[in-house]
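Colleague: Sequence isn't available, so here's the structure alone:
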């Protein structure tokens, strides 16, 4: 089989350090996941996971556990393909759908608590005190008999619409605080989904799922759990040493990154200033061109106005001349009409007719 991916969880103490590998069976075209102990002390931890599978399967309600098989010194699981519950939460945030988000919260809480017979009242135990610290704040509150502390959204995959827990490395039996279980498994997605707090605050979510224990107490219990996982019995911690070394290195690196960022910002500012200066010069040039065009258009407009005024004056003079000629014509017409009327009066008079007769008589003679 072909190795696709390997992860060493060796920041933990020797008991809990494991190697996780994803395999591809090229003949069957199927993927598998294997978990092996890094140190001999870790074999017991792996064997406990085998028993956790059956115990969780007995109490789960509406969900299932990813099957496990022991092969030699390793545990083998089928690789579950599908969307995670975390993916579904992220979709609700992108769609701004708080109702759907809360429906997913209800389902996750139900899958974590399991069947009714898994519910109980929490009472502190020596094991709980060793791992999580003082249990007084949880005493007498609701608890669960089998708690999968690995039931975070990223570990719940929808396989053909069936929610499947692909990891159950950290399981606690007997009696475990319901509110600590729910807090941890829901709080985890706030580390992975950016801007989730701006969509719906953790305080709102905890109130919705009825977690009333102060966050400070819940966070301290988880810190104690983390310290328990990474520290050896003598108090030494490879993860702590590694973290401290990285922190010192990171301070130098952060300084270099800040200087690099500052230089980039300076270059960006300088380029913006140059671009602004260039734009200013271009705008000034455009303004000069516009002013030149405006002067030319003003001169052309003034000349045109003068020409229009001259033509208007000339037109007015022509109209006056026409009016004068029309008046003269009318006067001549009146004179003609007068003489025409006088002529017709003379011609049609009796005296004129008598004269014509006399002319005719003398004319024959």
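Modeller: Perfect, thanks for sending it. This is a predicted model, so every value here is computed, not measured.
Colleague: now residue 219: how far from residue 205?
Modeller: Relative to residue 205, residue 219 is positioned 15 Å away (CB to CB, to the nearest Å). Bear in mind the C-beta positions are built from the backbone N, C-alpha and C, glycine included.
Colleague: These two: who's more crowded?
Modeller: residue 205 (21 against 13; other CB atoms under 10 Å).
Colleague: from what I can see that one touches residue 104, true?
Modeller: No - with contact defined as CB atoms under 8 Å, residue 205 does not reach residue 104; the gap is 10.7 Å.
Colleague: Pass me the low-pLDDT residue ranges in the stretch 51-200 of the chain, would you?
Modeller: Applying pLDDT under 70 to the stretch 51-200 of the chain flags no residue at all.
Colleague: Residue 152 versus the residue most central in space within the chain, what's the distance?
Modeller: Residue closest to the average C-alpha location in the chain (CA atoms, centre = their mean): residue 94, at 6.7 Å. Note on residue 94: its distance to residue 152, by CB to CB, is 20 Å.
Colleague: repeat for residue 353
Modeller: Taken as CB to CB, the span from residue 353 to residue 152 is 142 Å.
Colleague: Over to residue 329?
Modeller: With CB to CB as the criterion, residue 329 and residue 152 are 112 Å apart.
Colleague: Same drill for those two, tell me which one is more crowded.
Modeller: residue 152 (23 against 10).
Colleague: Quick check: phi and psi on that one?
Modeller: phi -80, psi 160 (degrees, to the nearest 10).
Colleague: Look up the closest residue to it, ignoring the ones flanking it.
Modeller: Spatial nearest neighbour of residue 152, excluding adjacent residues (CB to CB, 6 or more residues apart in numbering): residue 188 at 4.0 Å.
Colleague: Can you report how many residues neighbour that neighbour?
Modeller: Neighbours around residue 188, by other CB under 10 Å: 18.
Colleague: what's it in contact with, if anything?
Modeller: 152, 153, 154 (CB atoms under 8 Å, 6 or more residues apart in numbering).
Colleague: ok, so of the residues you listed, who is nearest residue 224?
Modeller: Comparing the contacts of residue 188 against residue 224 with CB to CB places residue 152 closest, at 18.3 Å.
Colleague: Now that that closest one has come up, it's in contact with residue 185, right?
Modeller: Yes - using CB under 8 Å, residue 152 makes contact with residue 185 at a distance of 5.1 Å.
Colleague: ok, residue 172 - contacts?
Modeller: So residue 172 contacts 127, 128, 146, 147, 149 (CB under 8 Å, 6+ apart).
Colleague: among these, who's most crowded?
Modeller: Busiest of the contacts of residue 172 [other CB under 10 Å] is residue 147, holding 28 neighbours.
Colleague: Go ahead and report the secondary structure state at the nearest residue to that one once chain neighbours are set aside.
Modeller: Once flanking residues are discounted, residue 147 sits nearest to residue 176: 3.7 Å by CB to CB, 6+ apart. Three-state call for residue 176 (DSSP: H, G, I helix; E, B strand; the rest coil): strand.
Colleague: and residue 176, bridged to which residues?
Modeller: residue 144 (DSSP bridges).
Colleague: which ones are touching it?
Modeller: 122, 128, 143, 144, 145, 146, 147.
Colleague: Determine the number of other residues adjacent to the residue lying closest to the first one once chain neighbours are set aside.
Modeller: With sequence-adjacent residues excluded and distances taken as CB to CB, 6+ apart, residue 122 is closest to residue 143, at 3.1 Å. Neighbour count for residue 143, taken as other CB under 10 Å: 23.
Colleague: close enough to count as contact, residue 143 and residue 124?
Modeller: No - with contact defined as CB under 8 Å, residue 143 does not reach residue 124; the gap is 10.1 Å.
Colleague: What is the neighbour count of residue 13?
Modeller: The number of residues near residue 13, taken as other CB under 10 Å, comes to 20.
Colleague: So what does the residue lying closest to it once chain neighbours are set aside look like in phi/psi?
Modeller: Leaving out its chain neighbours, the residue that sits closest to residue 13 by CB to CB, 6+ apart is residue 232, at 4.9 Å. Backbone geometry at residue 232, expressed as degrees, to the nearest 10, gives phi -80, psi 170.
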